[in-house]
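Visitor: sequence and predicted structure, then a few things I'm wondering about:
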Amino acid sequence: MTPVGHPASARDPRLDFFRGLALVMIFINHVPGNPLEVFTNRTFGFSDAAEGFVFMSGMAAGLAYPMAFVRLPLWRAVAKCWGRAWTLYSVHLVITMISLAIMMGAAYWFGAEKMWGINNVAPWIEAPVQATIGIATLGHQFGYLNILPMYAALLLMTPAMILVAQRNMWVMLGGSLLLWVVTGETRLNIPAFPNAGGWFFNPFAWQFLFAIGLATGMRLKSGRRLVPNVAWAKWLSLAFLIFVLAWMKIDIVQFYGRAGLSFLRDHGFPFYITSFDKTFLAAPRLLHLLALVYFLSTQTWVLRLSASRWVWPVELMGRFGLACFALGTVLSILGQSIKAALIYDPWIFDMGFVFVGLALQMGFARIKWQLAQKPA
């Protein structure tokens with residue numbers, strides 16, 4: 001939906017604000033054990049900041065790339081998407097090696113032996129040759145550093161999505177839904193060499209959420225909504241969000257809710273419908289995020305909040321999302337390593353580290369913004 005009073009080409013502050021808010025929550029959740037975790041969205045619903053991040057990444061792609069497929073030769077338009085994927089791959093390799101050095105340094109110099117065995121570091125220690133090959137080929141991903149490979153894979157799929165969507169949006173979304181179903185039915189995934197199993201964020205499943213975001217962004221670019229703003233849908237989405245909140249906070253509601261999912265599972269419904277599996281983006285997680293997005297997109301107060309100067313630091317984080325995500329990831333690994341080296345881990349350290357880390361990211365985004373304002 002285009003904001004009232006804004007031309008279709010104007011930058012929508014909601015995208016930057018919510019992307020920045022997702023980065024804030026991702027950083028908080030990536031420093032486990034800190035008291036602020038209870039205030040992040042994963043304690044209020046089935047989805048978490050990762051789903052929001054992927055949806056908004058799809059929106060950003062829908063705003064940024066489709067016109068290139070109209071104005072430029074096909075190979076140049078494809079190159080824009082794939083060039084961004086290469087950037088994500090490069091950033092992923094850099095922060096992976098920095099994070100590995102931090103974890104190994106904490107264990108080697110400061111007695112944080114815990115870091116040898118968490119975040120999927122142990123396989124690298126046990127088989128460094130194979131795991132190093134896996135790092136370069138994206139098969140071996142350390143814990144908390146596995147979202148950028150999935151995002152890069154989605155950008156490789158983006159040209160095909162855009163080309164189909166420009167002819168028929170609903171055919172593109174239908175094909176994406178079909179791939180999500182086939183992925184769940186066949187357990188399709190990219191191998192996690194040299195480890196068993198596949199990627200934690202399975203791009204064949206998560207592409208469906210990205211595709212919905214892409215379609216939303218493409219419609220937003222032309223000043224239209226993907227799904228109309230109608231009263232019954234707005235109230236239905238709100239009712240679902242309240243039900244999920246009750247599920248998360250009230251034991252009896254959760255008991256009967258899980259019993260209902262067990263009933264469906266016992267009667268043949270597949271796991272990607274009846275579980276909360278994150279790798280395959282199970283239906284409860286997907287539906288919760290979509291209900292949240294739809295409801296918030298219908299609220300005028302959301303636009304006013306997103307455009308407020310009081311949330312500008314968060315909006316800047318969203319505007320320079322990749323840079324802030326990279327910095328936040330390295331800082332979160334640093335925080336985990338420091339915590340592992342402490343004999344006593346007081347909650348005040350956790351709180352202080354989170355606030356300092358967020359301040360550094362907001363300051364970094366401010367510097368990036370100031371540099372962007374200077375003429376070349």
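Guide: Perfect, I can see it now.
Visitor: next, count neighbours for residue 94.
Guide: By other CB atoms under 10 Å, the residues close to residue 94 number 12. Heads up, the C-betas are built off the backbone N, CA and C, glycines and all.
Visitor: same question, residue 354
Guide: Neighbour tally, residue 354, other CB under 10 Å: 22.
Visitor: then residue 120?
Guide: Neighbour number of residue 120 under other CB under 10 Å is 18.
Visitor: I'd like the distance between it and residue 143.
Guide: 5 Å (CB to CB, to the nearest Å).
Visitor: next up, phi/psi of residue 48, please.
Guide: Dihedral pair for residue 48: phi -140, psi -170, per degrees, to the nearest 10.
Visitor: ok, it - contacts?
Guide: Each residue near residue 48 by CB atoms under 8 Å, 6 or more residues apart in numbering is listed here: 25, 29, 40, 41, 42.
Visitor: how about 6 Å then?
Guide: If a contact means CB atoms under 6 Å, 6 or more residues apart in numbering, then residue 48 has residue 42 as its contacts.
Visitor: equivalent analysis for residue 36, please.
Guide: Per CB under 6 Å, 6+ apart, neighbours of residue 36: 28, 354.
Visitor: pLDDT score assigned to it?
Guide: What the model reports as pLDDT for residue 36 is 91.
Visitor: so it belongs to a strand, correct?
Guide: No: applying DSSP: H, G, I helix; E, B strand; the rest coil, one finds residue 36 to be helix, outside a strand.
Visitor: and the helix or strand that contains residue 301, what's buried?
Guide: Using DSSP states H and E, residue 301 maps to helix 300-306. Within helix 300-306, the residues scored as buried using 16 or more other CB atoms under 10 Å are 302, 303, 306.
Visitor: quick one: list the elements packing against it.
Guide: If contacts are counted by 3 or more CB pairs under 6 Å, 6 or more residues apart in numbering; DSSP states H and E, helix 300-306 sits against helix 13-29.
Visitor: run through who's touching the helix it packs on.
Guide: For helix 13-29, contacts defined as CB under 6 Å, 6+ apart pick out 36, 40, 49, 52-53, 56, 59, 306-307, 311, 314-315, 317-319, 321, 324-325, 328, 332, 354.
Visitor: hmm, who's touching whichever helix or strand comes after it?
Guide: Using DSSP H and E, the next helix or strand after helix 13-29 towards the C-terminus is helix 49-64. By CB under 6 Å, 6+ apart, the residues outside helix 49-64 that reach it are 15, 19, 22, 25-26, 151, 158, 206, 209-210, 213-214, 216-218, 221, 289.
Visitor: buried residues, helix 49-64. List them.
Guide: Residues 49-63 are the ones in helix 49-64 that count as buried (16+ other CB under 10 Å).
Visitor: just the closest of these to residue 339, please.
Guide: residue 49 (20.6 Å; CB to CB).
Visitor: elements contacting the helix or strand hosting residue 211?
Guide: Using DSSP H and E, residue 211 sits in helix 203-221. Helices and strands touching helix 203-221, by 3+ CB pairs under 6 Å, 6+ apart, are helix 49-64, helix 147-165, helix 169-186.
Visitor: dump the longest one to CSV, restricted to CA.
Guide: Backbone C-alpha positions of helix 147-165 (Å, rounded to 0.1, in the frame of the first residue of the first chain) are rendered in CSV as follows:
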residue,chain,number,x,y,z
ILE,A,147,21.0,-16.2,7.0
LEU,A,148,23.1,-14.4,4.4
PRO,A,149,23.7,-17.7,2.4
MET,A,150,20.0,-18.2,2.2
TYR,A,151,19.4,-14.6,1.1
ALA,A,152,22.1,-14.9,-1.6
ALA,A,153,20.4,-18.1,-2.9
LEU,A,154,17.1,-16.3,-3.0
LEU,A,155,18.6,-13.5,-5.1
LEU,A,156,19.8,-16.1,-7.6
MET,A,157,16.2,-17.1,-8.0
THR,A,158,14.9,-13.5,-8.2
PRO,A,159,15.3,-12.9,-11.9
ALA,A,160,13.0,-15.9,-12.8
MET,A,161,10.5,-14.8,-10.2
ILE,A,162,10.4,-11.2,-11.6
LEU,A,163,10.1,-12.4,-15.2
VAL,A,164,7.1,-14.6,-14.4
ALA,A,165,5.5,-12.0,-12.1
